[in-house]
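Colleague: sequence first, predicted coordinates after that:
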Amino acid sequence: MWRKINIVFTCFLFTCSFTLNAQENIEALKKKLENQKNDTTQVGTLIELYEVLKYDDPDLASEYLTKSLQ
């Protein structure tokens, strides 16, 4: 029984860790975007944000993709 609880707990911690890392990545990309001029670097960052968010927040991801096309 303890082994099953340990496995579930380990999976939970792994999921939390992955979620925190993804959120940190999104925040880092947003900060990077604020400091960039309107050029190809900014377009690349917008596309990165789209890729990171397309499954978790499709509406926001779509906004970043639209901005990259403009």
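Modeller: Nice, I can see it.

Colleague: got a list of contacts for stretch 37-56?
Modeller: 22, 25-26, 29-30, 32-33, 36, 60-62, 64-65, 67-68 (CB atoms under 8 Å, 6 or more residues apart in numbering). (Each C-beta comes from the backbone N, C-alpha and C, glycine too.)

Colleague: for the residues you listed, which entry has the maximal number of neighbours?
Modeller: residue 64 (23 neighbours; other CB atoms under 10 Å).

Colleague: for that residue, what are its contacts?
Modeller: By CB under 8 Å, 6+ apart, the neighbours of residue 64 are 46, 47, 49, 50, 53.

Colleague: out of these, which are buried?
Modeller: In the contacts of residue 64, burial by neighbour count holds for 46, 49, 50, 53, counting by 16 or more other CB atoms under 10 Å.

Colleague: ok, the first one to residue 65 distance?
Modeller: What it means is residue 46. 7 Å (CB to CB, to the nearest Å).

Colleague: can you check the last one too?
Modeller: If you measure residue 53 against residue 65 using CB to CB, the figure is 9 Å.

Colleague: need the helix or strand of the protein with the lowest average pLDDT.
Modeller: helix 2-34 (a mean of 62; mean pLDDT, DSSP states H and E).

Colleague: then the following helix or strand past it to PDB, C-alphas only?
Modeller: As assigned by DSSP states H and E, the chain's next helix or strand after helix 2-34 is helix 40-53. C-alpha atoms of helix 40-53 as PDB (Å, rounded to 0.1, in the frame of the first residue of the first chain):
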ATOM      1  CA  THR A  40      12.500  39.100 -36.300                       C
ATOM      2  CA  THR A  41      13.600  38.400 -32.700                       C
ATOM      3  CA  GLN A  42      10.300  39.600 -31.400                       C
ATOM      4  CA  VAL A  43       8.400  37.500 -34.000                       C
ATOM      5  CA  GLY A  44      10.400  34.400 -32.800                       C
ATOM      6  CA  THR A  45       9.500  35.100 -29.200                       C
ATOM      7  CA  LEU A  46       5.800  35.500 -30.100                       C
ATOM      8  CA  ILE A  47       5.900  32.100 -31.900                       C
ATOM      9  CA  GLU A  48       7.600  30.500 -28.900                       C
ATOM     10  CA  LEU A  49       4.800  31.800 -26.600                       C
ATOM     11  CA  TYR A  50       2.300  30.400 -29.100                       C
ATOM     12  CA  GLU A  51       4.000  27.000 -29.000                       C
ATOM     13  CA  VAL A  52       4.100  26.900 -25.200                       C
ATOM     14  CA  LEU A  53       0.500  28.100 -24.700                       C
END
